[in-house]
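Engineer: from the sequence below, what's the structure:
(chains A, B, C, D, E and F)
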Number of protein chains: 6
Amino acid sequence: MLFTRIDFERPGKQQGFLQVPYSHNLGGWANVMIPCTVVKGGEGPTALVLGGNHGDEYQGQVAAMKLARELTPEMVAGRIILIPSLNFPAAKAATRLSPLDGMNMNRAFPGQPEGPVTSQIAHFLTNTLFPMSDVIIDIHSGGRSMDFVPCSHMHLVPDKPQRERMLKAMLAWGTDFCFLYADIAGSGLLPVEAENQGKTVVTTELGGGEGVPASVHRIAQSGLKNVLIHVGVLKGTETTREGQGKSASVLVQALHRDDYLLAPESGIFEIAFDLGAEVKPGDTVGYIHDLERPDRTPEPIVAKTAGYLVCCRVPCLTNQGDCVAVIAAPMSVDEALQA
Amino acid sequence: MLFTRIDFERPGKQQGFLQVPYSHNLGGWANVMIPCTVVKGGEGPTALVLGGNHGDEYQGQVAAMKLARELTPEMVAGRIILIPSLNFPAAKAATRLSPLDGMNMNRAFPGQPEGPVTSQIAHFLTNTLFPMSDVIIDIHSGGRSMDFVPCSHMHLVPDKPQRERMLKAMLAWGTDFCFLYADIAGSGLLPVEAENQGKTVVTTELGGGEGVPASVHRIAQSGLKNVLIHVGVLKGTETTREGQGKSASVLVQALHRDDYLLAPESGIFEIAFDLGAEVKPGDTVGYIHDLERPDRTPEPIVAKTAGYLVCCRVPCLTNQGDCVAVIAAPMSVDEALQA
Amino acid sequence: MLFTRIDFERPGKQQGFLQVPYSHNLGGWANVMIPCTVVKGGEGPTALVLGGNHGDEYQGQVAAMKLARELTPEMVAGRIILIPSLNFPAAKAATRLSPLDGMNMNRAFPGQPEGPVTSQIAHFLTNTLFPMSDVIIDIHSGGRSMDFVPCSHMHLVPDKPQRERMLKAMLAWGTDFCFLYADIAGSGLLPVEAENQGKTVVTTELGGGEGVPASVHRIAQSGLKNVLIHVGVLKGTETTREGQGKSASVLVQALHRDDYLLAPESGIFEIAFDLGAEVKPGDTVGYIHDLERPDRTPEPIVAKTAGYLVCCRVPCLTNQGDCVAVIAAPMSVDEALQA
Amino acid sequence: MLFTRIDFERPGKQQGFLQVPYSHNLGGWANVMIPCTVVKGGEGPTALVLGGNHGDEYQGQVAAMKLARELTPEMVAGRIILIPSLNFPAAKAATRLSPLDGMNMNRAFPGQPEGPVTSQIAHFLTNTLFPMSDVIIDIHSGGRSMDFVPCSHMHLVPDKPQRERMLKAMLAWGTDFCFLYADIAGSGLLPVEAENQGKTVVTTELGGGEGVPASVHRIAQSGLKNVLIHVGVLKGTETTREGQGKSASVLVQALHRDDYLLAPESGIFEIAFDLGAEVKPGDTVGYIHDLERPDRTPEPIVAKTAGYLVCCRVPCLTNQGDCVAVIAAPMSVDEALQA
Amino acid sequence: MLFTRIDFERPGKQQGFLQVPYSHNLGGWANVMIPCTVVKGGEGPTALVLGGNHGDEYQGQVAAMKLARELTPEMVAGRIILIPSLNFPAAKAATRLSPLDGMNMNRAFPGQPEGPVTSQIAHFLTNTLFPMSDVIIDIHSGGRSMDFVPCSHMHLVPDKPQRERMLKAMLAWGTDFCFLYADIAGSGLLPVEAENQGKTVVTTELGGGEGVPASVHRIAQSGLKNVLIHVGVLKGTETTREGQGKSASVLVQALHRDDYLLAPESGIFEIAFDLGAEVKPGDTVGYIHDLERPDRTPEPIVAKTAGYLVCCRVPCLTNQGDCVAVIAAPMSVDEALQA
Amino acid sequence: MLFTRIDFERPGKQQGFLQVPYSHNLGGWANVMIPCTVVKGGEGPTALVLGGNHGDEYQGQVAAMKLARELTPEMVAGRIILIPSLNFPAAKAATRLSPLDGMNMNRAFPGQPEGPVTSQIAHFLTNTLFPMSDVIIDIHSGGRSMDFVPCSHMHLVPDKPQRERMLKAMLAWGTDFCFLYADIAGSGLLPVEAENQGKTVVTTELGGGEGVPASVHRIAQSGLKNVLIHVGVLKGTETTREGQGKSASVLVQALHRDDYLLAPESGIFEIAFDLGAEVKPGDTVGYIHDLERPDRTPEPIVAKTAGYLVCCRVPCLTNQGDCVAVIAAPMSVDEALQA
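Structural biologist: Predicted coordinates:
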């Protein structure tokens, strides 16, 4: 069962570990050690900052590590808990899923106290860290397999005041696009567990691929701080897009199966539109080429819906059934609040 | 020994294969089949177009496959030979090196007639295809591990007329940057073998990472055609940057060890500058973070030379000794011709 | 949860997929796509034809693919649903078990709606496809590890009218041997789930090994059609062994542990009898040779029961505990109906 | 479900197998065969002797195999059941965990009748073999990853008479150290299941590493016999340390988290004390060296408690979180009986 | 360098090993031990019997092991040297190529004294065993990947008397077909090295696939003995096909590239003719099916030449370029002697 | 080609790297970086200290790393060059051989400038570091697979003055045993290359297995310093066994094939004698047990020669042909000097 020497109630700054016992062939009495930093200042809310829910998404891991080093108790009103690499074994291996148990952390909630390593971590969050938090920030990107226009995103929770808090926090990240999604991909998600506990949940899809351009690191690091200022746990002045002379974020949604385009067969995927470009139904957004038989006409990937290309597959080598493109339609803030 | 049913002297269009016998555990009498297209029109030079020298670089593979389908003998003055996926087994596996023999095609020249598969392919090029060609176009990118500002590039060959032909052909690709490099990385390179045979050799580094953005596919496909028009084998009118209202390509060079920055230890690499940005000596262009001990100050990667950041490592997870950044200094066309 | 765009109630012919969401390291939002064909003609029963329950058994996969291409609504009285490669990931990998979750499809019933991929497929059959079917044909062979005399086979279900329907359908396949087996190998079998729903279940063991001789392909393809004609869903005239001038199928049973001979130690297995040969108790049906110590007397495999050698292990390299031979005793149709 | 042809009630000596059905890609109808020997003599208790609970611990496997060959019914008063390699697939692979299902046999109790192979074996012990036994001897060592001062050990069970029986049996092994441990490492342990059934449970940690020195083989083989004599199932005269002119065994305990020292980061572990040496709080018992950066000061491993170094990590290459040293404090026999 | 304690000149029977030093991660000073039996009787020639040139071909390995156990000096006129598993590491792994060095024994001749393990074995044969032999029998089959009509075969050596000796010895095997082949597959073959030394070389292709039917074991074992009698080294009376009431062996040849049909793309191969059947140019001998897109018309494999189908691919799962069928045309004994 | 920024002629202390270019799938322009420390004081000889010739032997790696940190120019008369982990990729992987090229560093000499990584390192030593050194210390142990009585050892070089210098340096290590060996194991050894250049070469076999006991670390670290003092490059006073009240080191030799006992078949190895014990011809020094068939009598390993057991295999799981024991006979210093 997960154990930690960190005292989350103690004022000041602590750097420690969440420890999960893990017996394997090269370590009979070994432990997985997940770094965790707690900074507790004066009165205020508690924010839990999570990177590495998927191990191959380093945008949030780097932002959280840097913030963990930088923060002092004086900078904090309340408490900030940072876990830069939540699925730590996956982060060490640069994989989406944990190499120890094959589990997807984002399908492991609420978790089990004596289950596999991933499940034990989920259980500790569900039962210990979420209850002590007001705001939960879970920083994702497309990981190795997908690339997103950098965006914060959220789930349209049924509770309207909670939804409004979440929408404002999402906008505080300051990305060009904000992405509204519905639940069609299975159960066990971290944000859903946190939402069900009534928390203000902020999530992102900050680019993707195995690398992170400097521009995306800047968005991750500045957006994270701005959200923490927005929710009142980090001292400082909130920045707005307006204040920076930018237009408002574009809200988009992709709630239907037809918005997600799949590879009809295996081959080499070529994307034909730039991320963020507008797409009409019938547009050919990409192709699947056959390396063995280049004489054959490639299979076209045709858009069924209108909107922006917000996401596409990264690795050219593609399997039948892989998601190769996502088209999201614009919506207004009011629609998002009322939907 | 490599065999093909293609008759390179026959007018018209042929789609066939280079076949390399390969006996393995699941196929005693198997062959590696490398697709090859030949289009022979009227009088003119011969151009050999190569993609997939490294299997994980799909920019040129897609451009060559599309051109191979599109070309008719009427469009060609002379002969165009296209091999979209030169290291075919690597292209099928999305790896830099061949999974069959672990070899780097770009270190395998001049090759051996009865050697490993990669070496047999190199031998066939050296002894059959290069001698029948006037222009050799080898389309690279940074592959999975590195990202370049999309550029055509060349080696400063000692023969001045050859160098001038190559420089003009390089410029015909129309990229924002053109990259001049010297030989420090070992022997056996494909372009060096072709250069030694006196050919006009055109090479590129068109981006990198596991994915290819639509904008880079466009550069690959339009640049390839423009170079083929420039050398007179594809009919049509050459496009120039000037004609498109663009400034001239920036020529840059990175000829010294200090231009190539290495990771001083293993960890998570964060790049701090955008590709193409200007860098001064002493600038911290990136960091190596320690996931296990995020409390530690990361190792800075400090520029030693001035110039543009033309290349950086893609996968955040980095080993000690990996090249994480390349700084290239500007030079003029005249300097390039005289150097 | 498994999803399909196929409308099983629509008349005519549809080619589509069963889609199972599958998130993995190289595809965050990927799907497993299992090809499925439905052909609905006039009034009549529904037959569900399944190949590739084990991925390395291609006899039924090829027969079902060919039939799926050939069928038109006019040829069908009722409805034929064909899934050529039920455990599709295993079929792509030529393995018995699914490479995605390690599961044996034939031990995965009744399945779970949010379980591993194999379990989701089983759940869809149990809850959607079996209830809409009257006849379920599940085409097996010995796969990579075992070789059978090509035979149709069945389980002696307790319900006598159901058993009689099944026995007649089994005989309609027209194989030289028909094999009656009892349940000793665990729970979760596909045919048992179908039998429990009262269906006419027809199964086979059509040879084995990694390859399929042309003669066995012929039995698979002709037998499948003849059974579909027999149950009245495919138009045409039923063929009988009698009509072809053949003797009646030999019914055999292997219901006891002693009928299944195991390797007493690891080594190289040599079979000493031909498949289909008669064996007496005390006969040495094979040997285990020791490659390291060929001077040693090999371990004999001695028959404990009398009957026909209906199955033997294929790969010579054998582990202790592998089943190396199965001896089945003859029984009459009457015994089969009454037992 | 596990099956055996052994009749545990039959007098005399039988050598047979526990068979667990196991269907895999290279053996559709295969079985795992776990050797088991039963020797039944005249009246007396039943002892169950287990080696290979973890597959990479061969001390007990060799001792049990040798004893199994040596024993005759005449030597036994009651019944001795020997399973030299309990986790047989792991023993064949020299791994702690089963390569078939990844399970730790010592976390698999009470087991499931239709579960994975490891779980089926646990279930058979829990439900068949433990109930027919009075004494259960489970011979462990540190395996590949850890090295112990050779010791017998036990769990301080709450039932005082049972605890006293166990303590006397533990002392009968005759090792220099005896180790008392408490349950902090999770559930599902073999000895805990046996203890809960009221049995006299004797366990050991006889050295460790991939090899076994001759001196440790002697302790394993002589100690096993002496315990069997002590509990009255093997005929002969009990040997005592006193009779051999040795001082009494030193009893030690390590019941607190601080007794178990973990690697604070990955690297090369160097142990600084000999096994069995006395250690004071503040002593540096080892170091973690950084191979990539040998100029760095190594991380010291500092003892927090006083006692004997009873265990240390074996492989120098160490991951963060691996247990690198265990410090155990002395206690008296009376304390052990009363605690 | 390969070493052996066997004295090949000593009369009588010896069972020993060829030892090749092999240092690896789990054995610093290890050796590969290749079993070898020598039986020396009175005056007569020397025959060298080789099985397991490819590790996954067990027909000859079993025949040679059985003969090695059975032979006594009294049965031999001259000397018989048997190496049942020539590529011993491959035989232990059931692979065509050596798992130690990836080498194909049948492309490793003449070998190197200090090269990889496979090359050292080849060197010992070339320099020690071939020179002391008159007759060399190398028993092959199609291995895991191919299936042949069981046949003995030979290479049409230029020396006519040697060719005649070889042809008679080939016929002495007594198979239905005998196969004449030319050298198109590369260099380094064992039989070519032996032929160049002027030896009578007898080779076979006795079936194929991972398993060996009892009928093929019988051909391997009886044919081997008959050839040894024929060449005068085993005492006994030669059996002839005529004496058994069989027609003469059919001699066939496949000397042209068009006789070897390759898979034009990857997929599932279905063979449409039985092995040994007659085929006409234009006949569709098989198909490549696409599992992902079963709606597509499969690629036909069309015969280009007339003759018998003497070989086909075994595993249905096929890669582009795999040899899927071989068509061989009949020729007479006279043609074979004169060609 | 290997490159370094270290200036071996510069006085003072430098910590740097030997860099070998290495292009692989995850790093196109990567380098292997081998840490190297140079400490140059006043006048005196040059000593080259090497650990990690085999990557899994950490005794010398730890000793060299500690000494590299501790040394200052003031402590050195001449120059000490330390390479703690010579086969660095193997040391990172804890394997004997390099995981990059499968090569054994100790069979790679003299090396090639453009060969595989291991070969490039060997080449640099042969051509750059050996020529500048007077004394070469190469610290080995048995690694993962073998365990030695801790000893320094040497090769009986033909040059008598060189032999005498080496013997005295060997004795300066101060181990209980010193081991004299002859060359039977192949070519390409590091010490042989150094000896051929006339250097004073000191080597060791300091224990073995995956772990290193504290007592062996002490021998490695104290012996290394004492040898450096003995040869005059490290300031300080030499320690002698006599001065410590110990008897002289026992010199032993194992020059014949019969001294090296091999496993006659695969199984579980049990050693029956303690390391350093005296053994007579005919003694059973160990057994090979059969886990599958524990009822079988184990194969005995019988000594053929008299002497001390100086080495035995570590991992119990053993392959046929593995060296399981080495018996070495005593000899005098005079015999060693004259032999």
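Engineer: name the strands paired with the host helix or strand of A:G44 and say parallel or antiparallel.
Structural biologist: Assessed by DSSP states H and E, A:G44 sits inside strand A:42-50. Strand A:42-50 has the following sheet partners, assigned by DSSP bridges: strand A:77-83 (parallel), strand A:135-140 (parallel).
Engineer: got the CA coordinates for the longest one in PDB?
Structural biologist: Only the C-alpha atoms of strand A:77-83 are listed here, as PDB (Å, rounded to 0.1, in the frame of the first residue of the first chain):
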ATOM      1  CA  ALA A  77      -1.500  31.600  -0.200                       C
ATOM      2  CA  GLY A  78      -2.800  28.200   0.900                       C
ATOM      3  CA  ARG A  79      -1.000  25.100  -0.400                       C
ATOM      4  CA  ILE A  80       0.400  23.800  -3.700                       C
ATOM      5  CA  ILE A  81       1.000  20.100  -4.000                       C
ATOM      6  CA  LEU A  82       3.100  19.200  -7.100                       C
ATOM      7  CA  ILE A  83       3.600  15.700  -8.500                       C
END
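Engineer: just the buried positions in it, please.
Structural biologist: A:A77, A:G78, A:R79, A:I80, A:I81, A:L82, A:I83 (16 or more other Cβ atoms under 10 Å in any protein chain shown). In short, each C-beta sits where N, CA and C put it, glycine included.
Engineer: what does the following helix or strand past that strand rub up against?
Structural biologist: Note on strand A:77-83: by DSSP H and E, the next helix or strand toward the C-terminus is helix A:88-93. Helix A:88-93 is contacted by residues A:32-35, A:52, A:54-56, A:58, A:61, A:85, A:96-100, A:105, A:117, B:291-292 when judged by Cβ atoms under 8 Å, 6 or more residues apart in numbering or on different chains.
Engineer: from those residues, keep the buried residues only.
Structural biologist: Applying 16+ other Cβ under 10 Å to the contacts of helix A:88-93 flags A:32-35, A:52, A:54-56, A:58, A:61, A:85, A:96-98, A:100, A:105, A:117, B:291-292 as buried.
Engineer: so which of those residues sit within helices?
Structural biologist: Residues of the buried ones among the contacts of helix A:88-93 located in helices (DSSP state H): A:Q61, A:V117.
Engineer: so which of the buried ones among the contacts of helix A:88-93 are also by chain C?
Structural biologist: Contacts with chain C within the buried ones among the contacts of helix A:88-93, counted by Cβ under 8 Å from any Cβ of the partner chain: A:H54, A:D56, A:R96, A:L97.
Engineer: so what's the third one scoring on pLDDT?
Structural biologist: The reference is to A:R96. At A:R96, the model reports a pLDDT of 98.
Engineer: low pLDDT regions in the stretch 51-200 of chain A?
Structural biologist: Applying pLDDT under 70 to the stretch 51-200 of chain A flags the ranges A:183-186.
Engineer: at 90 what do you get?
Structural biologist: For the stretch 51-200 of chain A, applying pLDDT under 90 flags the ranges A:181-187.
Engineer: what residues does the longest helix anywhere in chain A touch?
Structural biologist: Looking across chain A with DSSP H, the single longest helix is helix A:214-230. Helix A:214-230 is contacted from outside by A:47, A:49, A:59-60, A:62-64, A:66-67, A:80, A:135, A:137, A:139, A:141, A:150, A:152, A:168-169, A:172-175, A:202, A:204, A:206-207, A:212, A:234-239, B:270-274, B:277, using Cβ under 8 Å, 6+ apart.
Engineer: now go through the residues you listed and say which are in strands.
Structural biologist: Judged by DSSP state E, those include A:A47, A:V49, A:I80, A:V135, A:I137, A:I139, A:S152, A:V202, A:T204, B:E270, B:I271 as members of strands.
Engineer: so the first one makes contact with A:G78?
Structural biologist: It refers to A:A47. Yes - counting by Cβ atoms under 8 Å, A:G78 is a contact partner of A:A47 at 7.3 Å.
Engineer: buried residues in the longest helix of chain A?
Structural biologist: For helix A:214-230, the neighbour count (16+ other Cβ under 10 Å) marks A:214, A:216-217, A:219-221, A:223-230 as buried.
Engineer: and what of stretch A:110-118?
Structural biologist: For stretch A:110-118, by 16+ other Cβ under 10 Å, it's A:P110, A:G111, A:G115, A:P116, A:V117, A:T118.
Engineer: distance of the closest residue to A:P11 other than its chain neighbours relative to A:G78?
Structural biologist: Closest residue to A:P11 apart from its sequence neighbours, by Cβ to Cβ, 6 or more residues apart in numbering or on different chains: A:K40 at 4.8 Å. Per Cβ to Cβ, to the nearest Å, A:K40 is found 8 Å from A:G78.
Engineer: just checking, A:G208 touches A:P150?
Structural biologist: No - using Cβ under 8 Å, A:G208 is not in contact with A:P150; the gap is 9.1 Å.
Engineer: neighbour count: the two, which is higher?
Structural biologist: More crowded of A:G208 and A:P150, by other Cβ atoms under 10 Å in any protein chain shown: A:G208, with 30 against 26.
Engineer: just give the number of residues close to the closest residue to that one other than its chain neighbours.
Structural biologist: Distances taken as Cβ to Cβ, 6+ apart put A:G142 closest to A:G208, at 2.4 Å, once the chain neighbours are dropped. Around A:G142 there are 27 other residues, counting by other Cβ under 10 Å.
Engineer: A:G142 against C:W29, yeah?
Structural biologist: No - using Cβ under 8 Å, A:G142 makes no contact with C:W29, being 9.3 Å away.
Engineer: can you tell me the SS state at the residue with the largest distance to the centre of chain A?
Structural biologist: Within chain A, the residue lying farthest from the chain centre (Cα atoms, centre = their mean) is A:D295, at 40.6 Å. Under the three-state scheme (DSSP: H, G, I helix; E, B strand; the rest coil), A:D295 adopts coil.
Engineer: list the contacts of it.
Structural biologist: Residues near A:D295 by Cβ under 8 Å, 6+ apart: B:Q15, B:P35, B:T37, B:A68, B:R69.
Engineer: farthest pair within the residues you listed?
Structural biologist: B:P35 and B:R69 (11.3 Å; Cβ to Cβ).
Engineer: what touches both of these two?
Structural biologist: A:P294, A:D295.
Engineer: please list the residues of the stretch 51-200 of chain A that sit near chain B.
Structural biologist: Near chain B, when you scan the stretch 51-200 of chain A using Cβ under 8 Å from any Cβ, you find A:58, A:61-62, A:64-65, A:68-69, A:84-85, A:88, A:91-92, A:94, A:144, A:147.
Engineer: for the residue nearest to A:V302 when sequence neighbours are not counted, grab the count of nearby residues.
Structural biologist: Residue nearest to A:V302 in three dimensions, not counting chain neighbours: A:T284, with 5.6 Å by Cβ to Cβ, 6+ apart. A:T284: 13 surrounding residues under other Cβ under 10 Å.
Engineer: against A:I271, how distant is A:T284?
Structural biologist: According to Cβ to Cβ, A:T284 and A:I271 sit 11 Å apart.
Engineer: of the contacts of A:D295, grab the buried ones for ChimeraX.
Structural biologist: Here is the ChimeraX command that selects the buried residues among the contacts of A:D295 (16+ other Cβ under 10 Å):
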select /B:15,35,37,68,69
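Engineer: next, count neighbours for the nearest residue to A:C323 once chain neighbours are set aside.
Structural biologist: Among residues not flanking A:C323 along the chain, C:W29 sits closest, at 4.0 Å (Cβ to Cβ, 6+ apart). Residues lying near C:W29 (other Cβ under 10 Å) number 20.
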